[in-house]
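A.B. asks: Test case, fold it:
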Amino acid sequence: IRGRKRWIFYPPGVNPPGVFPSPSGDDVVMPISLGEWFLTHWNDHVRERTNPDKSKRPLECTVNPGEILFVPHGWWHCVLNLDDG
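C.D. replies: Now for the predicted structure:
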């Protein structure tokens, strides 16, 4: 893996802005691309960072080359490449 990656996580039971799973969880309606999500829902995401209920706040981190990250089951997540590679 090359380059840095920016990860965004939403805890289980908290849907990211613009993401709508069916009641069964089998189907999900969401933006066509990650780019569309950032353009359309970034401001909503930024507001969620200060949710009064800390257990519903999204988490973010940057993973550098050579580092690994474990994504627990049930966490919504997206990854944005920050560098070429």
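A.B. asks: Grab the nearest non-local neighbour of residue 3.
C.D. replies: Counting by CB to CB, 6 or more residues apart in numbering, residue 83 is the residue found nearest to residue 3 once chain neighbours are left out, at 3.2 Å. The way it works is simple: take the backbone N, C-alpha and C, and place the C-beta from them, glycine included.
A.B. asks: Could you give the number of residues near that neighbour?
C.D. replies: Per other CB atoms under 10 Å, the neighbour tally for residue 83 reads 10.
A.B. asks: Identify the residues contacting it.
C.D. replies: The contact partners of residue 83, by CB atoms under 8 Å, 6 or more residues apart in numbering, come to 2, 3, 4.
A.B. asks: And the strands in this structure, which stretches?
C.D. replies: In the chain, the segments counted as strands under DSSP state E are 5-10, 20-21, 28-29, 59-63, 76-81.
A.B. asks: Buried deepest among those, which one?
C.D. replies: strand 5-10 (a mean of 17; mean count of other CB atoms under 10 Å).
A.B. asks: For that one, which strands pair with it and how are they oriented?
C.D. replies: Take DSSP bridges as the rule and strand 5-10 pairs in its sheet with strand 59-63 (antiparallel), strand 76-81 (antiparallel).
A.B. asks: So what touches the longest one?
C.D. replies: The reference is to strand 76-81. Strand 76-81 is contacted from outside by 3-10, 14-16, 19, 34, 37-38, 71, using CB under 8 Å, 6+ apart.
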